[in-house]
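Peer 1: With the input below, show me the fold.
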Amino acid sequence: MIWSVSKSAMFKQCPRKWYYSQVMASRGIKNAERRQVYLLNQLQSAYAWRGNIVDKTISDYVVPFMNRNTCPNQHGVIAYAMQLMEKQLAFAKERTFANPATTKTASGDKYCALYEIEYGKEINEELLESLRQEIKTALNNFLGSELIKELTNSTAYLVTQRSLRFKYADNSVTCTPDLIAFYDDKSPLIVDWKVHAFGIKQYWLQLGIYALALSLVTPHRDFTNYNHSKIPTQTRLLEYQLLSNQQREYSLNDEDIIELEDYMYQSIEDMNRLVDGKKYGHVDMEKFRTAQSPSTCSRCNFRKVCWEDGGEA
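Peer 2: As a prediction, this is how the structure comes out:
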């Protein structure tokens, strides 16, 4: 089993949703039901899509400039994001992701599957324009921040969207920080940026897991000065709410590390208890209760299959 903070949150919100996503979903075409669940698992809401456009623009366009100690032209950044958005929107409208011949690798950065399109909800021009403006706001806030100035003018080596994986309690734990800055003379900085209209939720847990993962993972080839990363309590942690342009800094102490490990252990135990070491076809789906909130069900990717299976809102 592969554990992550997002999978843990999914399991806590709705164990049945976790079952569909982590046990039943399969890309193979031989089992139509499992493939349908796989396709539904690819869906994202329009607002999650907005955040992913910002993520990809910063990671693929902005950060390469920063690693050359320069800041990209604002017009170029916005143009890149808008072109990416239009390319992905066209892909989503055609439902190309559902074609058995389609792969994420071959599709590249145009791959996109939208919840609203799959469930017959309109993505009108008013919504699209709102998303465009919020993408521009988030990117402009980042480009004008003291953070980008600090990182661009430093000797830090920046790594974006890099998967970190390590073993814990005989299970694989994985996470993907938005950005890790490695310095020559001090501990690294981990940045997690969010694109939420109401950036009120704090992400201490997620950032804490990132710091713990960085201290335990086998160093990647380009992890410079990795020795500075071995003590998670010394890693700087920054949450950046890009729409509201607010930043929150966090730090860890030894008690926090114990709390993080306890959280992971309990979450992993809860998942393993229901799966019981079995694979799909031998796992009892009825053990995985459905969400208690109708609003959670109404927004769920797996609504069409769950309701067919007897799940209730």
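Peer 1: quick check: domain ranges of this protein?
Peer 2: Following automatic domain parsing, one finds the domains of the chain at 21-150, 154-276.
Peer 1: would Met85 count as being in a helix?
Peer 2: Yes: according to DSSP: H, G, I helix; E, B strand; the rest coil, Met85 belongs to a helix.
Peer 1: neighbours of it, just the number please.
Peer 2: 21 (other Cβ atoms under 10 Å). All C-beta atoms are positioned from the backbone trio N, CA, C, and that covers glycine.
Peer 1: List the contacts of it.
Peer 2: Residues in contact with Met85, defined by Cβ atoms under 8 Å, 6 or more residues apart in numbering, are 53, 131-132, 135.
Peer 1: Next one: it, what pLDDT does it get?
Peer 2: Met85 carries a pLDDT value of 98.
Peer 1: what about it, distance to Thr57?
Peer 2: When distance is defined by Cβ to Cβ, to the nearest Å, Met85 is 9 Å away from Thr57.
Peer 1: overlap in contacts of the two?
Peer 2: Ile135.
Peer 1: thinking again about what came up before, which ones among the contacts of Met85 map onto helices?
Peer 2: Among the contacts of Met85, the members found in helices (DSSP state H) are 53, 131-132, 135.
Peer 1: which one of these is nearest Ile190?
Peer 2: Of all the ones in helices among the contacts of Met85, Ile53 has the smallest distance to Ile190: 21.9 Å, by Cβ to Cβ.
Peer 1: Make sure the closest one is actually in contact with Glu86.
Peer 2: No: Ile53 lies out of contact with Glu86 (Cβ atoms under 8 Å); the separation is 10.4 Å.
Peer 1: Sketch out the low-pLDDT regions of the protein for me.
Peer 2: Within the chain, the segments meeting pLDDT under 70 span 197-202, 226, 228, 309-313.
Peer 1: go again using 50 as the cut-off
Peer 2: 313 (pLDDT under 50).
Peer 1: what about the helices in it?
Peer 2: Assigned by DSSP H, the chain shows helices spanning 5-13, 15-19, 32-41, 46-57, 63-66, 74-93, 104-107, 115-118, 125-143, 146-152, 204-216, 254-275, 294-298, 303-308.
Peer 1: How far away from the center of its chain is the second one?
Peer 2: It stands for helix 15-19. 18 Å (Cα atoms, centre = their mean, to the nearest Å).
Peer 1: Residues touching it, excluding its own?
Peer 2: With Cβ under 8 Å, 6+ apart, helix 15-19 has contacts from 7, 10-11, 271, 274, 283, 285, 287-291, 300-302, 306, 311.
Peer 1: who's more crowded, Ile53 and Glu86?
Peer 2: Per other Cβ under 10 Å, whichever of Ile53 and Glu86 has more neighbours is Ile53, with 24 against 13.
Peer 1: Run through the residues that contact that one.
Peer 2: Applying Cβ under 8 Å, 6+ apart to Ile53 gives the contacts 81, 84-85, 88, 135.
Peer 1: can you rerun that using 6 Å?
Peer 2: When contacts are counted by Cβ atoms under 6 Å, 6 or more residues apart in numbering, Ile53 touches 81, 84-85, 135.
Peer 1: In JSON lines: those residues, plus distance to Gln42.
Peer 2: Converted to JSON lines, those look like this (distance: Cβ to Cβ, whole Å):
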{"residue": "Ala81", "distance to Gln42": "21"}
{"residue": "Leu84", "distance to Gln42": "17"}
{"residue": "Met85", "distance to Gln42": "18"}
{"residue": "Ile135", "distance to Gln42": "21"}
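Peer 1: Counting neighbours, which of these comes out on top?
Peer 2: Busiest of those [other Cβ under 10 Å] is Ile135, holding 24 neighbours.
Peer 1: My guess is that one contacts Tyr80. True?
Peer 2: No: here Ile135 does not reach Tyr80: they are 10.7 Å apart, not a contact under Cβ atoms under 6 Å.
Peer 1: Count the residues that sit near Glu286.
Peer 2: Considering only other Cβ under 10 Å, Glu286 is surrounded by 10 other residues.
Peer 1: Ala90 too?
Peer 2: Neighbours around Ala90, by other Cβ under 10 Å: 12.
Peer 1: Quick check: the gap between it and Tyr115.
Peer 2: 17 Å.
Peer 1: quick check, nearest of the contacts of Met85 to Leu252?
Peer 2: Ile53 (31.0 Å).
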